[in-house]
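Visitor: need a structure here:
(one chain, ligands or ions: 1)
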Amino acid sequence: MTKSLLILPGDGIGPEVTAEAIKVVNWLREHRGFDVEISQDLLGGASIDATGVPLTDAALDKAKAADAVLMGAVGGPKWVGQPYDKRPEAGLLRLRKDLDLFANLRPAICFPALADSSSLKREFVEGLDLLFVRELTGGVYFGTPRGIENLPNGERRGINTQVYTTSEIHRVARVAFDLAAKRRNKVTSAEKHNVMESGLLWKEEVQKLHDADYASVELEHMLADNCAMQLVKNPKQFDVILTDNLFGDILSDQAAMLTGSLGMLPSASLGAKDAATGKQASLYEPIHGSAPDIAGKGVANPCATILSLAMCLRFSFGRGEDADKLEAAVAQTLADGIRTADIWLDGCTRVGTSEMGDAILERLAA
Ligand code: NAD
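Guide: Numbering: from 1, shown residues only. Model (predicted):
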């Protein structure tokens, strides 16, 4: 049956980098029998300019109906200072919330050819391949009560609430255990059970689920502050790191920097699998933003978006072999010294966005 892929290019460099991913999809259609229909819609500032809202109901319906969604990036100076519902990010948050994308997957992979771009020494990061599974729709970013209130004594008080339920913890932990079983079979669960009740619940529930259903996967519990230290001390000890929304936000950014460049890092956000159809809501996106400083110049690195497409092929379309080949083509392009400006080093060939996409395609086809 023909599958469907919705592309939401977004703002800034979004359209430039998603164009390179589309080239890859078209190549796979032509040469690898990938039966997929591509459609496109607006998101973020581009949607605000055209329709007045950052995500239209029609675009949201298309995203719900699609087998997968691939996004570029949203935002830019043009829309700064607008009311919340007229901000590009509101469209992305609505998309994540309405598709109930509770599991955010962020790999931190250090390509050998880029090991010297990391802020850590080569021996600590060369061959690094870890995966964050971050809870994305709960915790302190969504918990109530929240707000800023005025106190009778003239002070102000800001409140946010960290809150998790058993089912919220179990569903994201399942994703982590399932993925670890296909990798190096180890999950590190990071929380703060020493000072937070929600952290204690997290630890206990992850352990319970493990003992009941995933006893064959190695599980370790680590305090989130220790995890931050271990990430720079010995990052290769990790396979899958499972965390809540807040700690995951911070720790996954820290891990991202170990790999050298923002332009190289993909992500996936997954919802629950429909028991009857097996369909799973999914959104794939590079972790970088819309990079307004280089937008329109044709110099953005498309690798993060192309690697997001590889995740999409693997998780949403069951095309693991194509995903492996695409990742290998990216690695080979880097090893051959072909680089966009953000990862360029002396002795390498500096290319633009489109040439980088072509170079990857050439190696995919080889
Ligand atoms: P950014 O990630 O857009 O850019 C940070 C720096 O990295 C810039 O110097 C940029 O040129 C560079 N960079 C980023 N991606 C690159 C790529 N693919 N190739 C080469 N260089 C790249 O972060 P920012 O500047 O803080 O934010 C810019 C806008 O993007 C803001 O409006 C922000 O809200 C938005 N943003 C969106 C997302 C998203 O859509 N998921 C994520 C982060 C930021």
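
Visitor: who touches the residue nearest in space to the middle of the chain in this structure?
Guide: For the chain, the residue nearest the mean C-alpha position is residue 267 (2.0 Å; Cα atoms, centre = their mean). For residue 267, the contact set (Cβ atoms under 8 Å, 6 or more residues apart in numbering) comprises 104-107, 284-287, 308, 311. The way it works is simple: take the backbone N, C-alpha and C, and place the C-beta from them, glycine included.

Visitor: next, give phi and psi for it.
Guide: Dihedral angles of residue 267 (phi, psi; degrees, to the nearest 10) stand at phi -150, psi 160.

Visitor: can you check the one 10 residues further on too?
Guide: Backbone torsions for residue 277, taken as degrees, to the nearest 10, come to phi -100, psi -20.

Visitor: ok, it to residue 57 distance?
Guide: 23 Å (Cβ to Cβ, to the nearest Å).

Visitor: how near is residue 226 to residue 23?
Guide: 43 Å.

Visitor: neighbours of the single nearest residue of the stretch 51-200 of the chain relative to the ligand, just the number please.
Guide: In the stretch 51-200 of the chain, the residue that lies nearest the ligand is residue 75 (2.5 Å; Cβ to the nearest ligand atom). Around residue 75 there are 23 other residues, counting by other Cβ atoms under 10 Å.

Visitor: what about it, which helix or strand?
Guide: Element membership of residue 75 [criterion: DSSP states H and E] is none; it lies in no helix or strand.

Visitor: residue of the stretch 201-350 of the chain closest to the ligand, please.
Guide: residue 289 (2.4 Å).

Visitor: in a helix, that residue, correct?
Guide: No - counting by DSSP: H, G, I helix; E, B strand; the rest coil, residue 289 is not part of a helix but coil.

Visitor: doesn't residue 72 make contact with it?
Guide: No - using Cβ atoms under 8 Å as the test, residue 289 is too far from residue 72 to be in contact (9.9 Å).

Visitor: who's more crowded, these two?
Guide: Neighbours around residue 289 and residue 72, counted as other Cβ under 10 Å, are more numerous at residue 72. The numbers are 31 against 19.

Visitor: tell me if the more buried one really is in a helix.
Guide: No - judged by three-state DSSP, residue 72 forms no part of a helix; its state is strand.

Visitor: quick one: it from residue 147, how far?
Guide: 33 Å.

Visitor: residues contacting the residue of the stretch 201-350 of the chain closest to the ligand?
Guide: 12, 73-75.

Visitor: now the end-to-end length of stretch 259-274.
Guide: 35 Å (Cα to Cα, to the nearest Å).

Visitor: before we move on, the earlier item: farthest-separated two in the contacts of residue 289?
Guide: 12 and 74 (8.1 Å; Cβ to Cβ).

Visitor: and the pLDDT for the nearest residue to residue 269 once chain neighbours are set aside?
Guide: With sequence-adjacent residues excluded and distances taken as Cβ to Cβ, 6 or more residues apart in numbering, residue 269 is closest to residue 101, at 3.8 Å. Note for residue 101: predicted pLDDT of 96.

Visitor: then the one 3 residues further on?
Guide: Residue 104 is assigned 97 on the pLDDT scale.

Visitor: isn't it up against residue 248?
Guide: Yes - if you go by Cβ under 8 Å, residue 104 and residue 248 touch, sitting 6.8 Å apart.

Visitor: for these two, list the residues in contact with both.
Guide: In contact with both residue 104 and residue 248: 132-136, using Cβ under 8 Å, 6+ apart.

Visitor: mind checking which of the residues you listed land in strands?
Guide: With strands defined by DSSP state E, the entries of the shared contacts of residue 104 and residue 248 inside them are 132-135.

Visitor: mind giving me the packing neighbours of the one helix or strand residue 251 maps to?
Guide: Following DSSP H and E, one finds residue 251 within helix 245-258. Judged by 3 or more Cβ pairs under 8 Å, 6 or more residues apart in numbering; DSSP states H and E, helix 245-258 is in contact with strand 103-109, strand 129-135, strand 186-191, helix 224-233, strand 240-243.

Visitor: angle of it against helix 224-233?
Guide: For helix 245-258 against helix 224-233, the angle by axes from the mean of the first three to the mean of the last three Cα atoms, to 10 degrees is 10 degrees.

Visitor: does helix 245-258 reach the ligand?
Guide: No - using Cβ under 6 Å from any ligand atom, helix 245-258 stays clear of the ligand, coming no nearer than 10.2 Å.

Visitor: so how far is that helix from its chain's centroid?
Guide: Centroid displacement of helix 245-258 relative to its chain, using Cα atoms, centre = their mean, to the nearest Å, is 11 Å.

Visitor: make 6 the starting number, not 1.
Guide: Right, with 6 as the first residue, what we last looked at is helix 250-263.

Visitor: how about the residues of the stretch 6-155 of the chain by the ligand?
Guide: Going by Cβ under 6 Å from any ligand atom, the residues of the stretch 6-155 of the chain near the ligand are 18, 22, 78-81, 94, 97.
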